[in-house]
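Engineer: All I have is the shape, not the residue letters:
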C-alpha cells in the first residue's frame, strides 16, 4: 500500500483545491482530517489510422482547416490517456478528479473535471446529493466510461464531441432522487438543477466549423483553435480571434441547467435537460465574446434484448454573439445500436446535424448540415487490453468554406483505424 501514499496525498490536495475553487474554503480545513478510500482508474488508446486525403483547407479545425474529423494523415496516432481518481471518506463527502494527456490541439496534460460531492443518508427513501466544481451535467448516455469517455467507439457522436470541446463550467449542482426499489416501484426518478459561471464562449466552434466527431476533451482553461475565416478578420467580427477558451468567465452572469432522469427497471432510461449559459452577447473581454447559448437535450437508452441495446440523443438550441453579428439555430441527433456477442462487441451509430444562420452579417454564411456513420468492432484480449476496428465517415456541407477560393463546400471525411485500448479499474 505504500505506493498509494502519493495518490492519497494528491487526492487530499484535490479535495482542498476543489473546495477553494468554488468558494467553499471552510470545507478545505476538514479535508486533511478525513480518512481517504482511494479508487484509481485509467484508460488510453493507440491507433493505426488510414485517413482519406483532403484538399487544401480541409485539414482538421485545430490545424487551421475546416475538417470535421480529428486527423488528416495516416499513420500511428496516440489518443487521449485518461485518469480518474475518486476519494471517498468516512463522512458524507467525496472528491473526484478526471485528468488526461492528449496530443491535440497541442500535447497537454490537464484536468477535465474536478468536483466535491456531498451525499447524506437517505431521508424517507429520498436521496439528496450536492456537488461543486467543474464537471459535465449528466446528460449523456453515450459517454459513460472512465473519465467521460465512450465504451462504444473511439470517435464520439457529434453531440458529445461538441460537449467535450465546449461545455464545462464552475458549477454547484443539487439533485434529489426517488429510487423505485425503496418505494416498491419499477420506476426511479431523479431531479437535478445547477447554477454555474464560466462557459461564456459556448457556441463559438459549432457556429463556424459546425459539428465534428472525435474523442478529445478540452482541459479546464485550455484554448482550442479553429480556422481563421476571412469573415472574422475584418468588419463586425474582427475582434473575434480564431480560437476559443470555452471555460472562460466574461460577463459575470450566472447560467443554469435543469434535468430530469427517469429509469424503468434496469431496461429503460430517459434523461431530459435544459442548459442556458445566460451569456451577454455584447460583452467582449480577454479576447473573447460572451455568447448567449441555450439548448435542450433528450437522451434515451433501452435494452432491447439481453444482447442488443439502443441509445439515442437529440439536441436543439440557439446561440448569439455580438450585436446580432452571429445568430444561429442548431439541431443534432444520433442513434446507436450496441450488440454484445459475448467475446466481441459490435456498435453501429448514425449522426445527423444542421445549423441555420439567422443573422444578416455579410460574407459570413454559417449554414451547415451533414450526417455520419460509425462502425466499431471490439475484441477484448485480456481484462486490460482490447483491440478495436473502427470506420468513421462524415458527409458535410458548410457554406462558409466558400470564403476561400477552391475550398469545397460539400465534402466527405473518412477514417479507418485499428486501435489498442488499455485500461485498469
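Structural biologist: Cool, got the structure. None of the values given here were measured: they were computed from a predicted structure.
Engineer: could you pull out the strands for the stretch 1-150 of the chain?
Structural biologist: All strands of the stretch 1-150 of the chain, identified by DSSP state E, counting those that start in this stretch, fall at 37-51, 75-88, 93-102, 108-118, 127-135.
Engineer: Correct me if wrong, but residue 260 is in a strand.
Structural biologist: Yes. Looking at residue 260 with DSSP: H, G, I helix; E, B strand; the rest coil, it is inside a strand.
Engineer: Please tell me how far residue 38 sits from residue 89.
Structural biologist: Using C-beta to C-beta, to the nearest Å, we find residue 38 at a distance of 10 Å from residue 89. C-beta: built from backbone N, CA, C; applies to glycine.
Engineer: my bad, should have said residue 407
Structural biologist: Residue 407 sits at a distance of 55 Å from residue 89 (criterion: C-beta to C-beta).
Engineer: ok, now residue 44?
Structural biologist: The spacing between residue 44 and residue 89, counted by C-beta to C-beta, is 28 Å.
Engineer: go on, residue 379?
Structural biologist: Residue 379 sits 39 Å away from residue 89 when distances are taken as C-beta to C-beta.
Engineer: try residue 398
Structural biologist: Applying C-beta to C-beta, one obtains 49 Å for the distance of residue 398 from residue 89.
Engineer: Neighbour count: those two, which is higher?
Structural biologist: residue 398 (24 against 18; other C-beta atoms under 10 Å).
Engineer: Residues in a beta bridge with the nearest residue to that one once chain neighbours are set aside, which ones?
Structural biologist: When the adjacent residues along the chain are set aside, residue 398 lies closest to residue 368, with 4.5 Å between them (C-beta to C-beta, 6 or more residues apart in numbering). Per DSSP bridges, the residues bridged to residue 368 are residue 355, residue 398.
Engineer: didn't residue 368 look like it was pressed against residue 399?
Structural biologist: Yes. Using C-beta atoms under 8 Å, residue 368 is in contact with residue 399, at 6.5 Å.
Engineer: pLDDT score for residue 240?
Structural biologist: Residue 240 is assigned a predicted lDDT (pLDDT) of 89.
Engineer: For residue 99, which non-adjacent residue is spatially closest?
Structural biologist: The spatially closest residue to residue 99, leaving aside those adjacent along the chain, is residue 83, at 4.7 Å (C-beta to C-beta, 6+ apart).
Engineer: Tell me who's in contact with that neighbour.
Structural biologist: Contacts were defined as C-beta atoms under 8 Å, 6 or more residues apart in numbering; by that measure residue 83 touches 40, 41, 42, 98, 99, 100, 147.
Engineer: Report the buried members of those residues.
Structural biologist: With burial judged by 16 or more other C-beta atoms under 10 Å, the buried subset of those is 41, 42, 98, 99, 100, 147.
Engineer: Next, give me the two most distant ones among these.
Structural biologist: By the measure C-beta to C-beta, those have their two most distant members at 41 and 100, which lie 12.4 Å apart.
Engineer: joint contacts of the two?
Structural biologist: Common contacts of residue 41 and residue 100 (C-beta under 8 Å, 6+ apart): 83, 147.
Engineer: mind listing what's buried in stretch 104-119?
Structural biologist: Residues 104, 105, 111, 112, 113, 114, 115, 116, 117, 118 are the ones in stretch 104-119 that count as buried (16+ other C-beta under 10 Å).
Engineer: Can you tell me which of those residues is closest to residue 256?
Structural biologist: Set against residue 256, the nearest of the buried residues of stretch 104-119 by C-beta to C-beta is residue 115 (17.1 Å).
Engineer: If the closest one is in a bridge, with which residues?
Structural biologist: residue 96, residue 133.
Engineer: what about it, distance to residue 100?
Structural biologist: Residue 115 sits 16 Å away from residue 100, taking C-beta to C-beta as the criterion.
Engineer: The residue sitting nearest the centre point of the chain in helix, strand or coil?
Structural biologist: When C-alpha atoms, centre = their mean is applied to the chain, the residue found nearest the centroid is residue 164 (2.3 Å). Using three-state DSSP, the secondary structure recorded for residue 164 is helix.
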